[in-house]
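J.: sequence first, then the predicted structure:
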Amino acid sequence: MSDVHLQHVLADTGKAGVYHLPHMDKNEVVTAAKANGYAAFRVNLAKADNKDEMLDAIAKAMKFPKWFGHNFDALADCLSDMAWKPAEGYLVLLEHCDGIHGKAEADFVTTLQTFEQAANEWREESIPFWCLVEMQADGIAWLPTEP
């Protein structure tokens, strides 16, 4: 997928949501998002063994406000109100997710549901919010290839 094509895919607010990260250079995805005026965040979950470590990694990578409460309600609040990081849209790459998925599956699933909820809320405001998940497990749709 070319950078321009990827930019068009990411510009489709109607399809924004949680997807598998495509087999491509992660820097290309970030570059395409930034070309669209999006804030892009890379969250490395390789060292996260539990819910607290996962939420901490997300908060640090996304530079959440100090009031972030390190729970799912606070995650939902931060993702649905990005006043602290205004942009034309948002892209979050959750990298190295296999470990946390295997060690704290229920919490990981809740995290993905929280990201999907945020994408749905942003869609109502016509703002794309993408969460791309790097992992081998099934159950998550692949990023659409057509805008």
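T.: Everything's here; your move.

J.: and the nearest residue to residue 85 once chain neighbours are set aside, what does it touch?
T.: Closest residue to residue 85 apart from its sequence neighbours, by Cβ to Cβ, 6 or more residues apart in numbering: residue 39 at 5.0 Å. No exception for glycine: its C-beta is placed from N, CA and C like everyone else's. Taking Cβ atoms under 8 Å, 6 or more residues apart in numbering, we find residue 39 in contact with 82, 85, 87, 89, 90, 91.

J.: most centrally placed residue in this structure?
T.: residue 131 (2.5 Å; Cα atoms, centre = their mean).

J.: what is that one paired to in the beta sheet?
T.: Here residue 131 sits in beta bridges with residue 18, residue 92, going by DSSP bridges.

J.: for the residue nearest to residue 85, helix, strand, or coil?
T.: strand (DSSP: H, G, I helix; E, B strand; the rest coil).

J.: and the one 3 residues further on, by the same measure?
T.: Under the three-state scheme (three-state DSSP), the conformation of residue 42 reads as strand.

J.: beta partners for it?
T.: Residue 42 forms beta bridges with residue 93, as assigned by DSSP bridges.

J.: going forward can the numbers begin at 10, since that is how I track them
T.: Let's use 10 as the start, then, which means that last one is residue 51.

J.: who's in contact with it?
T.: 35, 39, 70, 102, 104.

J.: show residues contacting the helix or strand of the chain with the lowest mean pLDDT.
T.: Ranking every helix and strand in the chain by mean pLDDT, DSSP states H and E puts helix 12-19 at the bottom, with a mean of 89. Here helix 12-19 makes contact (Cβ under 8 Å, 6+ apart) with 10, 24-25, 37-38, 40-42, 44-45, 47, 98, 100, 137, 139, 152-156.

J.: out of the residues you listed, which end up buried?
T.: 24, 25, 38, 41, 42, 45, 47, 98, 100, 137, 139, 152 (16 or more other Cβ atoms under 10 Å).

J.: returning to that earlier point: and the two most separated of the contacts of residue 51?
T.: Farthest pair in the contacts of residue 51 (Cβ to Cβ) is 35 and 70. Separation: 13.2 Å.

J.: chain center to stretch 119-132: distance?
T.: 9 Å (Cα atoms, centre = their mean, to the nearest Å).
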